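*Asks:* I would like the atomic coordinates for the input below:
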Amino acid sequence: MATTVSAKIYEHHEKSDGTFNVKYVVYHKGERKFIDSPHFVSKRQITKDLEIKDKMVIKWLDEKLDDYRILISSVGSRLDFFTCEQLRDFLRDNNKDIDIVEFADHHIKFLKSEEQNREPYSRTFRKIRNSLIDYFGRSEISINEIHSNMLYSYERFLKTTRSQTRTNQLGKPVTTVEKGLSKGGLHAHMRDLRTLFNEAKRNYNNDELGIFRIKHYPFSKYKVGSPPPTRKRNFDVDQVIGIRDCQVSEGSRIELAKDLFMLSFYLCGTNAVDFYYATEANIVNGRFEYKRSKTQGRRLDEAFISIKIVDEARKLLDKYIGKLRSEESRVGKE
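*Replies:* Predicted coordinates:
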């Protein structure tokens, strides 16, 4: 059957104030999907058969229906590949502006979901989200505002020392002074913004159906480039021994930092976040086994790592395994 769009009123949609919201009805492949309109009509504007008789409302509805029909015609033969839901979404959202902050929130929530379990990686995009809000000075930002000229200006902004306000664990705003990003930090930041932009294009565009809600790509002109060479920061033997043997106050933050440094050294560079979430279950047959938080969601083996526990590491594991969360709370009060 032919694909049609129409405007309808349904008796069961009557509101408590006696009005009805007019719905746009999309009929395609034997299914019906609905789009809410901004129009509400009262009983005096409709007939007993729920037909609209107000000429001004009819005019507004006909204008919108004509727009929808033009869009359907523009799809051409690709219409056969649309489901009714996809067609409804295409008509409803075609001219709707995309908020990059709203999408970032959606993407962060997706990464933190049980399905993805990539909470550490989600912090990367939370940083991008917050930085964009700082730059624009508002929390609603059209993706069309992310263009090449803006990126050059944004880069200069990121290089400057600036104040920023964030909400702490207690829900209170805290303002701090942030130093300008280094070359390496700037490269990583712009690379991650590009990744977020690419995710938005993947989410909102559909090449097969000819849907291109994001039509521009600022990173064609603005080049992120290659990361600057990293300065070697290797410790020599004397430095490691010096840290191991230094005398610190028991129960202090310095002791915690020293012990976690040595524990990471003994266990081949394990990150502190992986010690933070570890429990006795991570110790298996004399080995420390875990899934590296930083790359867990990006590898087929879920970044599984197994390291032999040397005697020096065993003492520190016994001291901190499963206790770092309470340890964090205790040292935070010092």
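
*Asks:* And Ile128, how close does it get to Leu193?
*Replies:* Note on Ile128: its distance to Leu193, by Cβ to Cβ, to the nearest Å, is 5 Å. C-beta here means a position set from N, CA and C on the backbone, and glycine is covered the same way.

*Asks:* These two: who's more crowded?
*Replies:* Using other Cβ atoms under 10 Å, the more surrounded residue of Ile128 and Leu193 is Leu193, with 27 against 23.

*Asks:* you'd agree the more buried one is in a helix?
*Replies:* Yes. Assessed with DSSP: H, G, I helix; E, B strand; the rest coil, Leu193 lies in a helix.

*Asks:* how many neighbours does Thr3 have?
*Replies:* Using other Cβ under 10 Å, Thr3 has 16 neighbouring residues.

*Asks:* ok, it - contacts?
*Replies:* Thr3 is in contact with Val26, Tyr27, His28, Lys29, Ile72, Leu79, Leu87, counting by Cβ atoms under 8 Å, 6 or more residues apart in numbering.

*Asks:* show me where the stretch 101-250 of the chain has strands.
*Replies:* Secondary structure of the stretch 101-250 of the chain (DSSP state E, counting those that start in this stretch): strands located at 162-167, 173-178.

*Asks:* I'd like the ones you listed written out as TSV, with distance to Lys43 added.
*Replies:* What follows is these, written out as TSV (distance: least, Cβ to Cβ, whole Å):
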stretch	distance to Lys43
strand 162-167	48
strand 173-178	49
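
*Asks:* Now distance to Leu132, mean neighbour count and mean pLDDT too, for those, in CSV please.
*Replies:* Written out in CSV, the entries for the strands of the stretch 101-250 of the chain read as follows (distance: least, Cβ to Cβ, whole Å; neighbours: other Cβ atoms under 10 Å; pLDDT from 0 to 100):
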stretch, distance to Leu132, mean neighbour count, mean pLDDT
strand 162-167, 12, 12, 84
strand 173-178, 14, 10, 87
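
*Asks:* In the chain, which strand is the longest?
*Replies:* Of all the elements of type strand in the chain, the one with the most residues (DSSP state E) is strand 31-41.

*Asks:* in that strand, what counts as buried?
*Replies:* Of the residues in strand 31-41, those with enough neighbours to count as buried (16 or more other Cβ atoms under 10 Å) are Lys33, Ile35, Ser37, His39, Val41.

*Asks:* Name the nearest of the residues you listed relative to Ile100.
*Replies:* Ranking the buried residues of strand 31-41 by separation from Ile100, with Cβ to Cβ as the measure, puts Ile35 on top at 24.1 Å.

*Asks:* hmm, back to that, distance to His189 and pLDDT added to the buried residues of strand 31-41, as TSV?
*Replies:* Compiled in TSV, the buried residues of strand 31-41 are given as follows (distance: Cβ to Cβ, whole Å; pLDDT from 0 to 100):
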residue	distance to His189	pLDDT
Lys33	40	95
Ile35	39	94
Ser37	42	93
His39	45	94
Val41	51	94
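
*Asks:* Out of the residues you listed, which comes closest to Arg166?
*Replies:* Where those are concerned, and distances follow Cβ to Cβ, Arg166 has its nearest neighbour in Ile35, at 38.2 Å.

*Asks:* Would you mind confirming that that closest one makes contact with Asn94?
*Replies:* No. Applying Cβ atoms under 8 Å as the test, Ile35 and Asn94 come out as separate, 11.2 Å apart.
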